[in-house]
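J.: Predicted model follows, preceded by the sequence.
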Amino acid sequence: MTKIDVLLGLQWGDEGKGKIVDVLTPDYDVIARFQGGPNAGHTLEFNGIKHVLHIIPSGIFHQNKTNLIGNGVLIEPCIFESEIRALNEKNVDATQNLLISKKAHLILPTHRMMDAANEQAKGNMKIGSTLKGIGPAYTDKIARSGLRVGDILASDFRERFELLKEQHIRMAKTLNFNVDAFCIDGLSLDQYEQRWMASLDTLKQFRFVNSEYYINQCLRENKRVLAEGAQAMMLDIDFGTYPFVTSSNTITAGVCTGLGVAPSSIGKVMGITKAYCTRVGAGPFPTELFDTIGQQLCEQGHEYGATTGRARRCGWIDMPALRYACMINGVTELFVTKADVMNDFDTVNMCVAYDIDGRTTDEIPFEYNTVPIHPQLKPFEGWKQSLQGIKRYADLPKNLRAFLGAIEQQTGVIIAAVSISPDRQDVLFQNK
Ligand code: GDP
Ligand code: IMO
Ligand code: MG
């Protein structure tokens, strides 16, 4: 019996998970998403073409590999349909190798409306949600009133849809939200609902499965399964910077509930971090840079959201947060991405501890959102050279290797590989 390997983000998202999953897919038989939904934007680049996936796992470009959307994931049928269409345009037919859990919950058009209504009601405590309906759909899941993929086939589906929709409309009105003015992609709620209903036909072309049985059978047959995380550790509903988080467990533990595998079935845990740090949306970010270096990271790193196009906030790599992420997730190896973005920097900084109220700490405090946190920065000399064309880890510039060595030493976790461009070819493994 094999174990399921896990790959997840250790920061605030957008670490390059999609790219690394794509690179690792040849080693696996099944790639499975276990949480999140269309709030995710996972970018893959190869042969000079860029692909962005939201709900579909990042193994989809490899033929003969199975991709699974697990029970912990949320599906928005219109967004799903547009992803399928984009794949078709690239001659990828996902109908043969994409399976969907019957227990995955659906995002209704009114979940998206409730996301907007909730954000409006929060005033200056807005989370900066992607407005894809994630919070409201998971809320209904926990409240035991959600609709699942398997329900689409039930005779009373439409009735249950209407009931839930009416409930959302009543809720939005109590929040003084203008329901009549609400639109998605320029369509009114009614118009979008029609599109949503029509897109269920696309969803029905896929195989709906009891994915918990499927995954466990794969493990029994010694197939290799990789669980692909979305969002990241610091956006986890329990351990992230609450309330500025997403509404799912993004951590290793989420693999057990989001796919139906036992904790003892977890194998390697691969954690992805950028060589610096970004965050999109509101919430604390102790190492954030508000100067030209921050702008340089944003511009050179093309730090604009793959889902919303928003500029990402940028700062230095944060070791207290990374150590926390390694602890909570049981990370067994690290992948460091985007080292190339800092090629021109004279100095590259690393936050090694926090100063809070005149006290030095290594812990993420409960008051993370409210107390001023001063990062203690350790400077490293920049490598000041292009990484283009480098094919072996050992050939990376000495100063970059010193920086990477410090990440290993600070976290106590080895770096499996470093990524030095968006392209799938530019991942250098340390021991290969
Ligand atoms: P994900 O959500 O974790 O899959 O990451 P995103 O796709 O949202 O954001 C990562 C961005 O960085 C994408 O635009 C990738 O193409 C890009 N990227 C990934 N790895 C590297 C790298 O090593 N260097 C550079 N320059 N860009 C990278
Ligand atoms: P990937 O998988 C970065 C952020 C949003 C917002 C908060 C809550 O591409 O790394 P939500 O829509 O879930 O209610 O938003 O979480 N967020 C992400 N930030 N990458 C993501 O996904 C994100 N998914 C959600 O910006 O601050
Ligand atoms: Mg992303």
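T.: Everything's here; your move. Since the model is a prediction, treat every value here as computed from it, not as a measurement. Ligands and ions are numbered 1, 2, ... in the order given.
J.: where does the chain have low pLDDT?
T.: Across the chain, nothing is flagged by pLDDT under 70.
J.: Residues of it that sit close to ligand 3?
T.: Residues of the chain found near ligand 3 (CB under 5 Å from the ion) are 14, 41, 306. No exception for glycine: its C-beta is placed from N, CA and C like everyone else's.
J.: Could you rerun that using 8 Å?
T.: 13-14, 17-18, 40-43, 230, 305-307 (CB under 8 Å from the ion).
J.: Just among those residues, which is most surrounded?
T.: Ala230 (32 neighbours; other CB atoms under 10 Å).
J.: Where does the nearest residue to that residue once chain neighbours are set aside sit: helix, strand or coil?
T.: Excluding its sequence neighbours, the residue lying closest to Ala230 (CB to CB, 6 or more residues apart in numbering) is Gly36, at 3.2 Å. Taking DSSP: H, G, I helix; E, B strand; the rest coil as the rule, one finds Gly36 in the coil state.
J.: quick one on the thing from earlier: out of the residues of the chain next to ligand 3, which touch ligand 1?
T.: Among those, the residues that sit close to ligand 1 (CB under 6 Å from any ligand atom) are 13-14, 17-18, 41-43, 306.
J.: what's the closest of those to ligand 2?
T.: For these, the residue nearest ligand 2 by CB to the nearest ligand atom is Gly13; the value is 2.5 Å.
J.: looking at it, that closest one is touching Asp236, isn't it?
T.: No. Under the criterion of CB atoms under 8 Å, Gly13 is not in contact with Asp236, lying 10.9 Å apart.
J.: Would you state the strands of the stretch 101-250 of the chain in chain order?
T.: 105-106, 183-184, 187-188, 207-209, 225-228 (DSSP state E, counting those that start in this stretch).
J.: With respect to Trp383, which of the ones you listed lies nearest?
T.: When those are compared by CB to CB, strand 225-228 sits nearest Trp383, at 30.6 Å.
J.: Off-centre distance for the closest one?
T.: Centroid displacement of strand 225-228 relative to its chain, using CA atoms, centre = their mean, to the nearest Å, is 13 Å.
J.: residues in contact with the residue lying closest to His111 once chain neighbours are set aside?
T.: When the adjacent residues along the chain are set aside, His111 lies closest to Gly133, with 3.4 Å between them (CB to CB, 6+ apart). Contact analysis of Gly133 by CB atoms under 8 Å, 6 or more residues apart in numbering lists 37, 74, 76, 107-108, 111-112, 114-115.
J.: Near ligand 2, which residues of the protein are found?
T.: 9, 13-14, 39-42, 127-130, 132, 134-135, 230-232, 235, 246, 280-281, 306.
J.: Tell me the spacing between the nearest residue to Gly301 once chain neighbours are set aside and Asn369.
T.: Of all residues not flanking Gly301 in the chain, Val341 sits nearest, at 4.1 Å (CB to CB, 6+ apart). Distance of Val341 to Asn369, computed by CB to CB, to the nearest Å: 28 Å.
J.: Neighbour count: the two, which is higher?
T.: Each of Val341 and Asn369 has its neighbours counted (other CB under 10 Å); Val341 has more, 23 against 15.
J.: returning to that earlier point: Lys268: which of the contacts of Gly133 is nearest?
T.: Gly37 (25.0 Å).
J.: So the closest one sits against Gly72, correct?
T.: No. The criterion here is CB under 8 Å, and Gly37 misses it with Gly72 at 9.6 Å.
J.: neighbour-wise, which of those two wins?
T.: When neighbours are counted by other CB under 10 Å, Gly37 and Gly72 differ, and Gly37 comes out ahead with 32 against 29.
J.: ok, and the closest non-adjacent residue to the more buried one?
T.: Leu74 (3.3 Å).
J.: what's the burial count for that neighbour?
T.: Leu74: 26 neighbours (other CB under 10 Å).
J.: And for Lys223?
T.: 15.
J.: thinking again about what came up before, among the ones next to ligand 1 among the residues of the chain next to ligand 3, which lie within helices?
T.: Among these, the ones falling in helices (DSSP state H) are 17-18.
J.: out of the ones next to ligand 1 among the residues of the chain next to ligand 3, which are inside strands?
T.: Under the assignment DSSP state E, those contribute 42-43 to strands.
J.: Just put the ones next to ligand 1 among the residues of the chain next to ligand 3 in CSV and tack on distance to Ile356.
T.: Converted to CSV, these look like this (distance: CB to CB, whole Å):
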residue, distance to Ile356
Gly13, 25
Asp14, 27
Lys17, 30
Gly18, 35
Gly41, 33
His42, 34
Thr43, 35
Ala306, 33
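J.: Point out the residues in the stretch 251-400 of the chain that sit beside ligand 1.
T.: 302, 306, 337-338, 340-341.
J.: Spatially, which two of those are the most separated?
T.: Most distant of these, by CB to CB, are Ala306 and Asp340, 18.2 Å apart.
J.: Pull out the buried residues from stretch 71-87.
T.: Buried residues in stretch 71-87, counted by 16 or more other CB atoms under 10 Å: 71-84, 87.
J.: all helices of the protein, in order?
T.: 17-24, 77-89, 109-122, 134-142, 157-174, 189-204, 211-220, 252-259, 292-300, 319-329, 398-411.
J.: Now do the contacts for the closest residue to ligand 3 within the stretch 301-432 of the chain.
T.: Residue nearest to ligand 3 within the stretch 301-432 of the chain: Ala306 (4.5 Å; CB to the ion). Applying CB under 8 Å, 6+ apart, we find Ala306 in contact with 14, 41-43, 52.
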